[in-house]
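Participant: Predicted model, plus sequence, below.
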Amino acid sequence: MPDLSADADAVETLYSSHHGWLHQWLWRKLGCRDGAADLAHDTFVRLLSAKPLDALREPRAYLSTIANGLLVNHWRRLTLERAYLEVLAQQEAALAPSPEERALTIEALMQVDAMLRKLSVKAREAFLLSQTEGLTYAVIAEQLQVSERMVKKYMAQAMLQCLLISNGDA
């Protein structure tokens with residue numbers, strides 16, 4: 001069983017030694033103090049589930065790697081959120097979802113985006129052509145210049161990822 005008190009001490013030491021630096025680093029990247037504070041906090045939360053920290057030789061490199069991944073996810077979320085809000089702005093006000101429905105939709109979009117990023121380029125393209133354009137496997141195969149059997153494999157990969165999302169395993 002891991003020594004949780006040693007891990008907590010290691011995180012506390014890292015936090016007190018590097019939180020200010022990390023917050024500044026994130027603030028320069030984001031241009032927003034509150035956003036930087038949130039991401040710095042999330043970085044240290046990730047540390048709690050990370051490998052043993054007592055052997056960490058380059059803590060700032062490790063912290064910036066974690067924080068950079070969170071930053072990329074933050075920007076990706078903002079991009080998806082903006083696109084979603086642009087679509088909503090084109091709808092009638094009576095059809096506008098509640099703030100809770102918006103948040104749930106954005107979270108679902110983030111999960112779908114993460115799922116799509118796990119697929120190869122051709123599998124992603126096959127899935128999107130099937131689901132958004134309603135194309136048959138034969139037409140998709142022709143467009144992607146692969147066999148129809150390969151399209152079926154791509155779709156199976158995509159459907160597996162969808163199942164993992166619905167089961168909470170993704």
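Facilitator: Cool, the structure landed.

Participant: Could you pull up the contacting residues of the closest residue to E148 other than its chain neighbours?
Facilitator: Of all residues not flanking E148 in the chain, A141 sits nearest, at 4.4 Å (Cβ to Cβ, 6 or more residues apart in numbering). Every C-beta, even on glycine, is put in place using the N, C-alpha and C of the backbone. Neighbour list for A141: S147, E148, M150, V151 [criterion: Cβ atoms under 8 Å, 6 or more residues apart in numbering].

Participant: can you check E148 too?
Facilitator: Counting by Cβ under 8 Å, 6+ apart, E148 touches Y137, A138, A141.

Participant: Now the residue nearest to the spatial centre of the chain: which helix or strand?
Facilitator: In the chain, the residue lying closest to the centroid (Cα atoms, centre = their mean) is N73, at 4.8 Å. Using DSSP states H and E, N73 sits within helix 59-89.

Participant: which helices and strands does that helix pack with?
Facilitator: If contacts are counted by 3 or more Cβ pairs under 8 Å, 6 or more residues apart in numbering; DSSP states H and E, helix 59-89 sits against helix 4-30, helix 33-48, helix 99-118.

Participant: Tell me which residues of the second one come out buried.
Facilitator: Which is helix 33-48. G35, A36, L39, A40, D42, T43, F44, L47 (16 or more other Cβ atoms under 10 Å).

Participant: Tell me the spacing between the first one and R46.
Facilitator: It stands for G35. 16 Å (Cβ to Cβ, to the nearest Å).

Participant: again, but for the third one
Facilitator: Counting by Cβ to Cβ, the separation of L39 from R46 is 10 Å.

Participant: shared neighbours of those two, anything?
Facilitator: L70.

Participant: low pLDDT regions in this protein?
Facilitator: Scanning the chain for pLDDT under 70 picks out 1-7, 51-55, 168-170.

Participant: domain assignment for this protein?
Facilitator: Annotated domains of the chain cover 4-85, 97-166 [automatic domain parsing].

Participant: CA-only coordinates of stretch 161-170 in CSV, if you can.
Facilitator: Taking C-alpha atoms only, stretch 161-170 is exported to CSV below (Å, rounded to 0.1, in the frame of the first residue of the first chain):
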residue,chain,number,x,y,z
GLN,A,161,-15.1,4.6,-28.4
CYS,A,162,-18.7,5.8,-28.2
LEU,A,163,-19.6,2.8,-26.0
LEU,A,164,-16.6,3.6,-23.7
ILE,A,165,-17.9,7.2,-23.4
SER,A,166,-21.4,6.0,-22.5
ASN,A,167,-20.0,3.6,-19.9
GLY,A,168,-17.8,6.3,-18.4
ASP,A,169,-14.6,4.4,-19.3
ALA,A,170,-13.2,6.9,-21.8
